[in-house]
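J.: Mind folding the following:
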Amino acid sequence: MAALGDLIGPFELVERVAASHGTSLFRAVRPDGSRPPCEVAIRVADDPDNTEATQQIQTEHAVLSLFNDEHIPKIYGHYIGQAAIAMRWCDGVVLADAIQAQRENF
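T.: Prediction:
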(Lines give C-alpha, C1' and ligand atoms only; values in the text may rest on other atoms or scores of the structure.)
Protein backbone atom coordinates (compact mmCIF):
# COMPACT_ATOMS: atom_id res chain seq x y z
CA MET A 1 0.00 0.00 0.00
CA ALA A 2 1.29 3.46 -0.92
CA ALA A 3 2.09 5.74 2.00
CA LEU A 4 3.00 9.36 2.53
CA GLY A 5 6.61 9.96 1.54
CA ASP A 6 6.62 7.19 -1.09
CA LEU A 7 7.79 8.04 -4.59
CA ILE A 8 5.58 7.27 -7.57
CA GLY A 9 7.64 8.05 -10.64
CA PRO A 10 9.28 11.41 -9.88
CA PHE A 11 6.54 12.46 -7.42
CA GLU A 12 6.44 12.21 -3.61
CA LEU A 13 3.08 11.46 -1.97
CA VAL A 14 2.33 14.25 0.52
CA GLU A 15 -1.41 13.99 1.29
CA ARG A 16 -4.01 11.22 1.01
CA VAL A 17 -7.13 12.88 -0.34
CA ALA A 18 -9.56 10.00 -0.86
CA ALA A 19 -9.94 6.23 -1.10
CA SER A 20 -12.44 4.12 -3.02
CA HIS A 21 -12.75 0.67 -4.61
CA GLY A 22 -9.21 -0.50 -3.85
CA THR A 23 -7.48 2.72 -4.92
CA SER A 24 -6.31 5.86 -3.15
CA LEU A 25 -5.96 9.41 -4.44
CA PHE A 26 -2.98 11.44 -3.25
CA ARG A 27 -1.69 14.95 -3.72
CA ALA A 28 1.95 14.63 -4.73
CA VAL A 29 4.84 16.96 -5.48
CA ARG A 30 8.01 16.75 -7.50
CA PRO A 31 10.61 16.96 -4.69
CA ASP A 32 13.31 18.67 -6.73
CA GLY A 33 10.83 21.10 -8.32
CA SER A 34 13.06 21.04 -11.40
CA ARG A 35 10.29 21.15 -13.98
CA PRO A 36 6.52 21.33 -14.24
CA PRO A 37 4.25 19.97 -13.15
CA CYS A 38 5.42 20.47 -9.59
CA GLU A 39 2.13 19.25 -8.05
CA VAL A 40 -0.12 16.43 -9.28
CA ALA A 41 -2.90 14.11 -8.20
CA ILE A 42 -1.92 10.44 -8.17
CA ARG A 43 -4.36 7.54 -8.14
CA VAL A 44 -2.68 4.35 -7.00
CA ALA A 45 -3.93 0.82 -6.40
CA ASP A 46 -3.85 0.03 -2.67
CA ASP A 47 -2.54 -3.42 -3.55
CA PRO A 48 -0.65 -3.64 -6.87
CA ASP A 49 -1.48 -7.37 -6.97
CA ASN A 50 -5.23 -6.62 -6.93
CA THR A 51 -6.15 -7.23 -10.57
CA GLU A 52 -9.44 -5.34 -10.34
CA ALA A 53 -7.86 -2.17 -8.89
CA THR A 54 -4.95 -2.34 -11.33
CA GLN A 55 -7.38 -2.69 -14.24
CA GLN A 56 -9.35 0.29 -12.92
CA ILE A 57 -6.15 2.39 -13.00
CA GLN A 58 -5.34 1.21 -16.56
CA THR A 59 -8.86 1.99 -17.74
CA GLU A 60 -8.81 5.45 -16.16
CA HIS A 61 -5.51 6.14 -17.91
CA ALA A 62 -6.83 4.93 -21.26
CA VAL A 63 -10.00 7.04 -21.03
CA LEU A 64 -8.33 10.24 -19.78
CA SER A 65 -5.64 9.93 -22.46
CA LEU A 66 -8.31 10.27 -25.16
CA PHE A 67 -9.24 13.82 -24.15
CA ASN A 68 -7.55 17.17 -24.60
CA ASP A 69 -9.90 19.46 -22.70
CA GLU A 70 -9.08 21.89 -19.89
CA HIS A 71 -12.06 20.56 -17.90
CA ILE A 72 -10.72 16.99 -17.88
CA PRO A 73 -7.58 16.17 -15.87
CA LYS A 74 -4.45 15.94 -18.01
CA ILE A 75 -2.41 12.76 -17.59
CA TYR A 76 1.26 13.31 -16.71
CA GLY A 77 2.35 9.73 -16.23
CA HIS A 78 1.30 6.09 -16.11
CA TYR A 79 3.41 4.00 -13.76
CA ILE A 80 2.42 0.43 -14.61
CA GLY A 81 4.84 -1.23 -12.17
CA GLN A 82 3.42 0.87 -9.33
CA ALA A 83 -0.19 0.60 -10.57
CA ALA A 84 -0.58 4.38 -10.61
CA ILE A 85 -1.37 7.38 -12.78
CA ALA A 86 -0.41 11.02 -12.27
CA MET A 87 -2.79 13.73 -13.44
CA ARG A 88 -3.40 17.44 -13.07
CA TRP A 89 -4.01 18.56 -9.48
CA CYS A 90 -7.02 20.86 -9.06
CA ASP A 91 -7.49 22.77 -5.82
CA GLY A 92 -11.04 23.51 -4.87
CA VAL A 93 -14.28 21.87 -4.02
CA VAL A 94 -14.52 18.10 -3.83
CA LEU A 95 -16.97 16.74 -6.43
CA ALA A 96 -19.02 14.91 -3.77
CA ASP A 97 -19.46 18.20 -1.89
CA ALA A 98 -20.59 19.98 -5.07
CA ILE A 99 -23.14 17.25 -5.80
CA GLN A 100 -24.47 17.38 -2.25
CA ALA A 101 -24.78 21.18 -2.39
CA GLN A 102 -26.70 20.92 -5.66
CA ARG A 103 -29.11 18.36 -4.13
CA GLU A 104 -29.75 20.59 -1.12
CA ASN A 105 -30.68 23.52 -3.34
CA PHE A 106 -33.50 21.60 -5.01
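J.: so the closest residue to residue 26 other than its chain neighbours, which of the three states?
T.: In space, and not counting its chain neighbours, residue 26 is closest to residue 13: 4.4 Å by CB to CB, 6 or more residues apart in numbering. For glycine as for every other residue, the C-beta is placed from the backbone atoms N, C-alpha and C. When classified by DSSP: H, G, I helix; E, B strand; the rest coil, residue 13 comes out as strand.
J.: do residue 40 as well
T.: Counting by three-state DSSP, the backbone at residue 40 sits in strand.
J.: how many neighbours does residue 50 have?
T.: Residues near residue 50, counting by other CB atoms under 10 Å, number 16.
J.: need the contact list for it.
T.: Residue 50 is in contact with residue 22, counting by CB atoms under 8 Å, 6 or more residues apart in numbering.
J.: Look up how far residue 101 lies from the residue nearest to residue 38 when sequence neighbours are not counted.
T.: Leaving out its chain neighbours, the residue that sits closest to residue 38 by CB to CB, 6+ apart is residue 30, at 5.1 Å. Distance of residue 30 to residue 101, given as CB to CB, to the nearest Å: 33 Å.
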